[in-house]
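> Structure for this input, please:
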Amino acid sequence: MENKKYLGEFIYQMRKEKNISQSQLGDMLGVSNKAVSKWETGESNPEIEKIQKLAGIFGISADELLSCERKADGPESKTDDAGYIKIPVSGKFEYTSKKKTKKGVPLVHINFSSFKAKARGIVAIGYNAKGVVSIGILSVGIVAIGVLNIGVISLGALAVSLLASVGSISVSFGAAAGAIALGGFLAVGAIAIGYNAIGAVAIGYNAHTSPSGIARGINEFIHSEWSGRNFD
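Residues are numbered from 1 along each chain as shown. Have a look, this model is predicted:
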């Protein structure tokens with residue numbers, strides 16, 4: 001139990017030095033934050049493969065990690081002029097800001113350590129990103145950019161937003177543009193559904209289409225020429 005305790009204390013110390021939360025470390029390793037907590041309290045030890053990944057994250061060797069001490073000439077994390085820490089993770093990449101909000105959220109978090117890894121920050125970039133500005137395969141934020149997005153302003157293959165969205169499939173309470181667009185106020189797309197709908201197939205209170213298109217609404221407009229914003 002003593003060995004587990006010493007290793008746990010060392011993991012805790014190294015994690016704090018890297019300014020990584022238990023949740024972030026768990027995401028990087030593919031385990032829960034509860035598993036990290038058990039390591040640090042000595043209730044359990046990480047598996048050998050996790051030891052190797054932990055060593056990579058902390059910038060030390062596996063032997064140093066298991067012996068619970070760093071060599072004087074051991075590798076250290078590199079910090080750039082902007083105050084960010086670059087953390088190597090088994091050939092993957094994570095970048096986290098030293099500076100945080102009062103709630104402990106990093107100002108910048110970039111995480112490509114695994115497909116399950118999450119990026120959480122004011123600016124979040126990763127496979128699974130959540131932030132004020134988020135970029136990822138799955139992204140949630142005020143401004144969300146990626147493949148599957150939810151945000152106030154959203155841009156992606158599937159975009160869902162409160163204010164404006166652009167995507168192959170676009171849904172918004174405000175304005176939506178895409179191959180298939182569903183907008184509360186304005187929808188523009190091959191298939192457009194909204195209060196004001198403009199498209200090859202347009203369905204809305206005001207529906208605008210070309211002579212070869214289909215318009216269904218209270219007010220239906222067939223335009224022989226499309227000239228920017230002029231639909232008279």
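> contacts, neighbours, all on C-alpha from now
Will do.
> how does this structure divide into domains?
Following the assignment in automatic domain parsing, the chain carries domains at 1-73, 144-222.
> Now the shortest one: average pLDDT?
Put plainly, it is domain 1-73. Mean pLDDT, taken over the full extent of domain 1-73, equals 80.
> So for Ile11, what's the nearest residue that isn't a sequence neighbour?
Glu40 (6.2 Å; Cα to Cα, 6 or more residues apart in numbering).
> same question but for Leu163, I mixed them up
The shortest distance from Leu163 to any residue other than its chain neighbours is 4.6 Å, reached at Gly174 (Cα to Cα, 6+ apart).
> In the protein, mark out all the strands, start to finish.
For the chain, the strands identified by DSSP state E occupy 78-79, 84-89, 92-97, 108-112, 118-120, 123-126, 128-166, 169-172, 175-203, 206-209, 214-216, 219-222, in order along the chain.
> Please name every helix or strand in contact with the top helix by length along the chain.
Longest helix in the chain by number of residues, with DSSP state H as the criterion: helix 2-17. For helix 2-17, the helices and strands in contact under the criterion 3 or more Cα pairs under 8 Å, 6 or more residues apart in numbering; DSSP states H and E are helix 33-41, helix 62-67.
> pretty sure the residue nearest to Leu163 contacts Ala164?
Yes: using Cα atoms under 8 Å, Gly174 makes contact with Ala164 at a distance of 5.6 Å.
> Could you check which of these two has the larger neighbour count?
Looking at Gly174 and Ala164 with other Cα atoms under 10 Å, you find the greater number of neighbours at Ala164, namely 26 against 20.
> re earlier: out of the domains of the chain, flag the one nearest His109.
domain 1-73 (10.2 Å; Cα to Cα).
> where's the closest one relative to the chain centroid, distance-wise?
25 Å (Cα atoms, centre = their mean, to the nearest Å).
> repeat for stretch 110-129
Distance of stretch 110-129 from the chain centroid (Cα atoms, centre = their mean) equals 5 Å.
> what do you get for stretch 120-137?
Using Cα atoms, centre = their mean, the distance from the centre of stretch 120-137 to the centre of the chain it belongs to is 3 Å.
> what comes up buried for that stretch?
When burial is assessed from 16 or more other Cα atoms under 10 Å, stretch 120-137 yields the following buried residues: 120-137.
> quick one: contacts for the residue most central in space within the chain?
The residue lying closest to the centre of the chain (Cα atoms, centre = their mean) is Ala129, at 0.8 Å. For Ala129, the set of contacting residues under the criterion of Cα atoms under 8 Å, 6 or more residues apart in numbering consists of Lys118, Ala119, Arg120, Ile135, Gly136, Ile137, Leu138, Ser139, Val140.
> hmm, try it at 7 Å
Contact criterion Cα atoms under 7 Å, 6 or more residues apart in numbering gives Lys118, Ala119, Arg120, Ile135, Gly136, Leu138, Ser139, Val140 as the residues in contact with Ala129.
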